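> Sequence and predicted structure below; questions after.
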Amino acid sequence: MPERAQLIAAACTGVAVIVLFNGHILSTSTFDLLAWTAATLFVLRAQRDRRWWLAAGAVIGLDCLNKPLAAFLAVALIAALAIVGPRRHFRSLWFWSAAGLAVLLALPYFAWQAQHGWPQVKVSASISGGGSTSSQPWWVIVPFQALLAGPLLAPVWGAGLVRLYRDEALRFFALTWALLAVVFMAAGGKPYYLAGMLPLLIAAGAGPVDDWLRERRWRHRSGRAAFWASAAVAVVIALPVLPASSAGVVVAMNPDVGETIGWPDLVHTVAGVYTAHPGATILTANYGEAGAIDRYGPALGLPGAYSGQNAFGYWGPPHSDASQVLVVGYSLSGATRFLVGCNVVARVHNAAHIDNDENGVPVLLCSRVRGSWAAQWPRIKHLS
């Protein structure tokens, strides 16, 4: 690849919305994007040296311990190779060794899932049903890639997809992307599930875009202007550079940005109630609320929070059945299913007036758990 094409690929990837956003937060998606980029790079190198299959298999297997999306990538790659080739890899001991290594490394994840009734399937069903903040309609997945790459950079990754399709030796990459798009749309997945292939597509498209610019004798100034414009838009969408009070438009495009807005307000509201009722158990409806309290609560004298959502639910119920319960995020009718003597004592509001999941939710004070926490915890635990 010419030096300028490499520069285009690196620059466009560096300012892609998905890269900026995942680089700013710490979540499973942060590592998943890195793993998909590494895996597709190693698969590309395996086209010349089959020993690279082992590296690809190792990355995919390890990433399954982080997030199961890597398994979809592996299956789509194998299916694409079987459909359009090159099928010579199926005769390679390196290929099958890599597949075996990936399965071996991923076994702890699938073993744990099997032992616990496949909770990931329940989470996926909730996401498909729109239960997640960042859930989107199925038809948005493909067009949303333009936003995740950067609105002005769509021609680059689009050119990459076309280039891969036209190259007989690399056509399986284009088919892999298409298969994953179909699967994620059919399963009701989130748009960012497909974004792990964007670095590959951007790299593949950098060469054709560079050639196109040269043919039309575009000066560097024009290309730089387009790049910096896209970078500016990406920074605003992906990073918390705007005042929280001005983030409404960004939250509409990227709901996750709004979920940490107002955390100090939430915790101060809870702390105000807790000060009047020291020793109360704190229970939240979701892990974001629990995380906010665990992050900002100690400075205000709050104990750790409990929540039944996802992994918080597996950490178990409170220890005392007799203490009062300070509840965040549940409606009054929802809380009285497993608590008694509940009353609304406050409401959460954020100073920025951003309409996120916590803005306006009630804070309840309940006299005790109904029966015991051990008996109620299975009802409180939920996956979404």
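Here it is on my side, so go on.
> where does Leu161 land in three-state SS?
Following DSSP: H, G, I helix; E, B strand; the rest coil, the label given to Leu161 is helix.
> Give me the neighbour count for it.
19 (other CB atoms under 10 Å). Yep, even glycine has a C-beta here, placed from its N, CA and C like the rest.
> One more: the one 4 residues further on?
Residue neighbour count, defined by other CB under 10 Å, stands at 18 for Tyr165.
> now swap in Lys122 and tell me
Quick note: Lys122 (other CB under 10 Å) scores 14 neighbours.
> And it, how close does it get to Leu242?
Separation of Lys122 from Leu242 (CB to CB, to the nearest Å) stands at 36 Å.
> What does the pLDDT read for the nearest residue to Ser372 once chain neighbours are set aside?
Of all residues not flanking Ser372 in the chain, Asp321 sits nearest, at 4.9 Å (CB to CB, 6 or more residues apart in numbering). On the pLDDT scale, Asp321 is placed at 94.
> ok, now the one 10 residues further on?
Per-residue confidence at Ser331 stands at 95 (pLDDT).
> again with Ser124
88.
> and if you look at Trp96?
Reading off the model, Trp96 has pLDDT 97.
> Give me the neighbour count for it.
14.
> and if you look at Arg91?
Neighbours of Arg91 under the rule other CB under 10 Å: 8.
> show me what contacts it?
With contact set as CB atoms under 8 Å, 6 or more residues apart in numbering, Arg91 has no partners.
> Leaving out sequence neighbours, find the closest residue to Arg87.
Using CB to CB, 6+ apart and skipping the chain neighbours, the partner closest in space to Arg87 is Leu81 (6.6 Å).
> List the contacts of the one you found.
Contacts of Leu81 by CB under 8 Å, 6+ apart are Arg87, His89, Phe90, Phe172.
> and the second one, that one's in a helix?
In this case it means His89. Yes - residue state for His89 (three-state DSSP) corresponds to a helix.
> Mind splitting this protein into its structural domains?
With domains defined by automatic domain parsing, the chain comprises 3-239, 263-380.
> mind checking which of those is nearest Pro255?
domain 3-239 (4.8 Å; CB to CB).
> Let's see if you can find the most crowded of the contacts of Leu81.
Neighbour counts for the contacts of Leu81 (other CB under 10 Å) peak at Phe172, which has 28 neighbours.
> Tell me where the stretch 151-300 of the chain has helices.
154-166, 171-187, 198-215, 220-238, 248-253, 255-258, 263-276, 287-296 (DSSP state H, counting those that start in this stretch).
> Mind putting those helices into TSV with mean pLDDT?
Listed next are the helices of the stretch 151-300 of the chain as TSV, based on pLDDT from 0 to 100:
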stretch	mean pLDDT
helix 154-166	95
helix 171-187	97
helix 198-215	90
helix 220-238	80
helix 248-253	82
helix 255-258	79
helix 263-276	97
helix 287-296	96
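> between the ones you listed, which gets nearest to Asn356?
Among the helices of the stretch 151-300 of the chain, helix 255-258 comes nearest to Asn356, with 4.1 Å by CB to CB.
> which residues in the stretch 251-384 of the chain form strands?
For the stretch 251-384 of the chain, applying DSSP state E, counting those that start in this stretch gives strands covering 281-284, 306-307, 325-328, 339-340, 343-347, 362-366, 368-369.
> which element follows the helix or strand Asn22 falls within toward the C-terminus?
Under the criterion of DSSP states H and E, Asn22 resides in helix 17-24. Using DSSP H and E, the helix or strand that directly follows helix 17-24 along the chain is helix 28-46.
> Which elements pack onto that following helix?
For helix 28-46, the elements it packs on are helix 17-24, helix 52-64, helix 69-84, helix 171-187, helix 198-215, judged by 3 or more CB pairs under 8 Å, 6 or more residues apart in numbering; DSSP states H and E.
> Can I get that helix as PDB, trimmed to CA atoms?
Provided in PDB are the C-alpha atoms of helix 28-46 (Å, rounded to 0.1, in the frame of the first residue of the first chain):
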ATOM      1  CA  THR A  28     -16.300  -5.300  26.700                       C
ATOM      2  CA  SER A  29     -16.700  -3.500  23.400                       C
ATOM      3  CA  THR A  30     -13.400  -1.700  23.900                       C
ATOM      4  CA  PHE A  31     -11.500  -5.000  23.800                       C
ATOM      5  CA  ASP A  32     -13.900  -6.500  21.200                       C
ATOM      6  CA  LEU A  33     -13.000  -3.800  18.600                       C
ATOM      7  CA  LEU A  34      -9.300  -4.400  19.200                       C
ATOM      8  CA  ALA A  35      -9.800  -8.200  18.900                       C
ATOM      9  CA  TRP A  36     -11.800  -8.000  15.700                       C
ATOM     10  CA  THR A  37      -9.200  -5.700  14.100                       C
ATOM     11  CA  ALA A  38      -6.400  -8.000  15.100                       C
ATOM     12  CA  ALA A  39      -8.300 -11.200  14.000                       C
ATOM     13  CA  THR A  40      -9.100  -9.800  10.500                       C
ATOM     14  CA  LEU A  41      -5.500  -8.600  10.100                       C
ATOM     15  CA  PHE A  42      -4.200 -12.100  11.000                       C
ATOM     16  CA  VAL A  43      -6.700 -13.700   8.600                       C
ATOM     17  CA  LEU A  44      -5.500 -11.400   5.900                       C
ATOM     18  CA  ARG A  45      -1.800 -12.300   6.600                       C
ATOM     19  CA  ALA A  46      -2.800 -16.000   6.600                       C
END
